[in-house]
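**Student:** Below is the sequence, then the predicted model.
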Amino acid sequence: MSDQPLLKVTDLVRHFPFKEVQGLRMMKATVQAVDGLSFSLGHGQTLGLVGESGCGKSTTARLLTRLDEPTSGKIEFQGRDITHLKESELRGIRRDVQMIFQDPYSSLNPRHTVGSILTTPLKVHGLHQGKEKARVQELLELVGLNPEHINRYPSEFSGGQRQRIGIARALAVEPKLIIADEPVSALDVSIQAQVMNLLGRLRNELDLAFIFVAHDLGVVRHFCDQVAVMYLGKIVEYGDKRQIYDLPEHPYTQALLSAAPDIAVARGAQRAERIRLVGDVPSPISPPSGCRFRTRCWKAQDICAEQEPPLVPSTATDAGRGGREKGLHLQACHFPEVKPALVPEIVSA
Amino acid sequence: MTATAEQFTTTMGEASQAGDVVLDVDDLSIAFPTEEGLVRAVSNLTYQARLGRTLAIVGESGSGKSVSSMAVLGLHNPKRTQITGSIKLDGQELVGASQATFQKLRSTTAAMVFQDPQSSLHPFHKVGRQIAEAYRAHHSVSKAVAQKRAVEMLDLVGIPTPARRALQFPHEFSGGMRQRAMIALGLVNDPKLLIADEPTTALDVTVQAQILDLINDMQKEFGSAVILITHDLAVVAETADDILVMYAGRGVEKGDAKEVLSQPSHPYTHGLLQSIPSASDDATAELKAIRGAPPSLLNLPSGCSFHPRCDFQKLVGAACIDTLPEWRPTPGLTGRELRCHLEDPVATLQNDEGAK
């Protein structure tokens, strides 16, 4: 049991077919939102999914919670295949896997009181019967809200407080895994840290596993153990956060780290090198052949257009840095090369 | 590319040079009467923007950073807005000015780039035509000449095959391209002041870096003043020259951007900086968050608006609650100003950092 990962994803694919008008004809086309994802997550671990818009990180989150059904591939939760379960069979999974959404304004029903928002999941799963109110108050206290506010409506709360309600709702059914889709990006800067701290505290107290979807690299480094960097529906690099941030091997990871503005610059840190990509992310409707990143990559050669690079163990792991790296470091590039110090670092005089 | 820029710079004001004040905002207050009461969006704001420099106005939502800049372009409905104080753009007083005055100044003296290029370009008109139209509004030239200028501008902001792109509609552009087109539109009449309101918030990280670089490059070419409105201190750290930190409609700290961010003297700036995790830092300890939430603009706290959330209020005592601190030079630092009652803010905040 203990060897079994909490969540195992194999070759997950989600294509959205749609019809497109071309001249006078309707053409069939597909958005290849997620195309062959594989990873696994242990109990109490946190995996960060990072990437730009259109890379499929939110679609992945929706697939893992089975709000959406994969086109192919396999999702196993505690050893059980949940890929194509029917709604009625999903109820047990719903209790174990919960989601926190990005926008605290649209993810809470404005016509329900906080009490009713938090009681519904308890009723659905038949938990704490007869003592729902006490449980709801306990939950409110857990997320740092006043238990007396049980009869208030979402509109009476600020954005940060609403996000706390969303967190309390996810925790109501005592899940094992929480999928958090950009949980702090809609919040003000001074509130973000409060919510991050709350999530961190809850993770430790309740031994929760997290899939943490975010675009803010600082937030991900702070919160996650493992990081998967996604580009156009595929994982291009996966590893321990130190491997990803300090010894990135895939050119896209390197470009992302180099482009993200970082607060450390304010503290006098400097970047050793700046990488600027040209152009935008291509459309996932007709992604480039071979390596999907090749159209923006400075290393691209003929082979990149012909062959898709597989996600393989990094060759540089454990090289030179005193074995600091442990665990799996995977990358998908034909010409991997470690580039350290892309995030700004304090240069000691 | 440079030839175009030189043509533009020669048409710029006669004796203006880098460092000249283009925008002088003095004691500006903006309030909106609503059914629930008066929303004090901006109170007693004072700042200056200089040619050739980028001023970052930083604050959270509701801090008044956008509202104050919209007043510079006369974008508030005068019937529903109470504006007092003074806004001098290139020497001309704008508080109480007529729409005709604003019409003349918009685009030629001050232009704005908005957050969402999708909704700020007209979806029914070709991109080139929109830029040409802005040019023709202030120059009596033929459509063909204006169109040529539009293509030049698109080229200047780094849009490949500009002649073909000019004949496309905004929906045929990607997000980053659209924001480039917006910048071309903003700069077509060579304004002395470009206000960029969260210009990269809707964009992806790698595209954001391109656009920030572009704004910097354009500023060097055109020598204009840039006001960068943002909530992202990391963006400020990497792009701005000067900074004005706003909280609940008031300025709280200003000075050189790098200096303010490396050595903040106001407890709010200090708190913000401490609460942001860095991508170069492995620490997983709890972030040092500012407690509480920003106040409602309908009902601002007495004295210093930040006092209910401030960890240092107890060091000062009742003054924070009773009296609004005035702008004063930051003790021990040159070229810096703040609004705080703390006697020696720099040392106090540094001790706090050490104690962390």
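**Tutor:** Cool, the structure landed.
**Student:** mind listing what residue A:308 touches?
**Tutor:** Shown in contact with residue A:308 (CB atoms under 8 Å, 6 or more residues apart in numbering or on different chains): A:290, A:291. In short, each C-beta sits where N, CA and C put it, glycine included.
**Student:** Let me fix that, I meant to ask about residue B:201.
**Tutor:** Here residue B:201 is in contact with B:115, B:230, B:231, B:232 (CB under 8 Å, 6+ apart).
**Student:** Which member of those is positioned nearest residue B:303?
**Tutor:** Nearest to residue B:303, judged by CB to CB, of the contacts of residue B:201 is residue B:231 at 24.9 Å.
**Student:** Count the neighbours of the closest one for me.
**Tutor:** Counted with other CB atoms under 10 Å in any protein chain shown, residues neighbouring residue B:231 total 17.
**Student:** That one reaches residue B:61, doesn't it?
**Tutor:** Yes. The pair residue B:231 and residue B:61 passes the contact test of CB atoms under 8 Å, sitting 7.1 Å apart.
**Student:** Any idea what the residue nearest to the spatial centre of chain A is bridged to?
**Tutor:** By CA atoms, centre = their mean, chain A has its centre lying nearest to residue A:213, at 2.2 Å. Assessed by DSSP bridges, residue A:213 has beta-bridge partners residue A:49, residue A:181.
**Student:** how near is it to residue B:22?
**Tutor:** 42 Å (CB to CB, to the nearest Å).
**Student:** and if you look at residue B:288?
**Tutor:** Counting by CB to CB, the gap from residue B:288 to residue B:22 is 38 Å.
**Student:** Those two: which has the busier surroundings?
**Tutor:** Higher neighbour count among residue B:288 and residue B:22: residue B:22, with 24 against 17, using other CB under 10 Å.
**Student:** residues touching that one, list them.
**Tutor:** B:16, B:49, B:50, B:51, B:89, B:90, B:192, B:193, B:224, B:225.
**Student:** in its sheet, what does whichever strand or helix holds it sit against?
**Tutor:** Element membership for residue B:22, per DSSP states H and E: strand B:21-34. Applying DSSP bridges, strand B:21-34 is found paired with strand B:37-50 (antiparallel), strand B:82-89 (antiparallel).
**Student:** pLDDT of it, averaged?
**Tutor:** The pLDDT scores in strand B:21-34 average 94.
**Student:** Dump that strand to CSV, restricted to CA.
**Tutor:** This file holds the C-alpha atoms of strand B:21-34, laid out as CSV (Å, rounded to 0.1, in the frame of the first residue of the first chain):
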residue,chain,number,x,y,z
VAL,B,21,8.6,67.4,-16.0
VAL,B,22,5.9,66.4,-18.4
LEU,B,23,3.2,65.6,-15.9
ASP,B,24,2.8,67.4,-12.6
VAL,B,25,0.1,66.1,-10.4
ASP,B,26,-0.5,68.1,-7.3
ASP,B,27,-2.9,67.4,-4.4
LEU,B,28,-5.2,65.5,-6.7
SER,B,29,-8.4,64.0,-5.2
ILE,B,30,-10.9,62.0,-7.1
ALA,B,31,-14.2,60.9,-5.6
PHE,B,32,-17.3,59.2,-7.0
PRO,B,33,-20.7,59.9,-5.4
THR,B,34,-22.6,56.6,-5.1
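**Student:** So for it, what gets flagged as buried?
**Tutor:** Within strand B:21-34, the residues scored as buried using 16 or more other CB atoms under 10 Å in any protein chain shown are B:22, B:23, B:24, B:25, B:28, B:29, B:30, B:31, B:32.
**Student:** Apart from its neighbours in sequence, what residue is nearest the fifth one?
**Tutor:** I take that to be residue B:28. residue B:85 (3.8 Å; CB to CB, 6 or more residues apart in numbering or on different chains).
**Student:** just the second one next, same as before
**Tutor:** Ranked by CB to CB, 6+ apart and with sequence neighbours excluded, the top spatial neighbour of residue B:23 is residue B:49, at 4.1 Å.
**Student:** hang on, that neighbour packs against residue B:19?
**Tutor:** No. In this structure, residue B:49 is not within contact of residue B:19 by CB under 8 Å, at 11.2 Å.
**Student:** Pick out whichever of those two has more residues nearby.
**Tutor:** Between residue B:49 and residue B:19, residue B:49 has the larger neighbour count (other CB under 10 Å), namely 27 against 10.
**Student:** So which residues on the stretch 1-150 of chain A come close to chain B?
**Tutor:** A:52, A:53 (CB under 8 Å from any CB of the partner chain).
**Student:** residue ranges of the helices in the stretch 1-150 of chain A, please?
**Tutor:** A:57-64, A:87-96, A:114-124, A:132-142 (DSSP state H, counting those that start in this stretch).
**Student:** now do the stretch 151-300 of chain B
**Tutor:** B:162-165, B:175-187, B:205-222, B:233-239, B:257-262, B:267-275.
**Student:** Contacts only, for the residue nearest to the centre of chain A.
**Tutor:** Residues near residue A:213 by CB under 8 Å, 6+ apart: A:48, A:49, A:57, A:58, A:60, A:61, A:179, A:180, A:181, A:182.
**Student:** Out of the residues you listed, which comes closest to residue B:197?
**Tutor:** Once CB to CB is applied, the member of these that ends up nearest residue B:197 is residue A:182, at 22.1 Å.
**Student:** Just to check, the residue nearest to residue B:28 is in contact with residue B:96?
**Tutor:** No. Taking contacts as CB under 8 Å, residue B:85 lies outside contact range of residue B:96: 10.6 Å.
**Student:** which one of those two has more residues nearby?
**Tutor:** residue B:85 (17 against 11).
**Student:** residues touching the more buried one, list them.
**Tutor:** B:25, B:26, B:27, B:28, B:29, B:44, B:45, B:95.
**Student:** and of the residues you listed, the nearest to residue A:298?
**Tutor:** residue B:25 (43.8 Å).
**Student:** What residues does that closest one make contact with?
**Tutor:** B:45, B:46, B:47, B:48, B:68, B:72, B:85, B:86, B:87, B:88.
**Student:** Okay, it and residue B:239: tell me how far apart.
**Tutor:** Distance from residue B:25 to residue B:239, by CB to CB: 21 Å.
**Student:** Also residue B:54?
**Tutor:** With CB to CB as the criterion, residue B:54 and residue B:239 are 6 Å apart.
**Student:** How about residue A:23?
**Tutor:** 45 Å.
**Student:** With neighbour numbers in mind, choose between those two.
**Tutor:** The neighbour count for residue A:23 versus residue B:239, taken as other CB under 10 Å, is higher for residue B:239 (22 against 6).
**Student:** Leaving out sequence neighbours, find the closest residue to that one.
**Tutor:** Nearest to residue B:239 is residue B:212, by CB to CB, 6+ apart, at 5.3 Å.
**Student:** State the pLDDT value of that neighbour.
**Tutor:** For residue B:212, the predicted pLDDT is 90.
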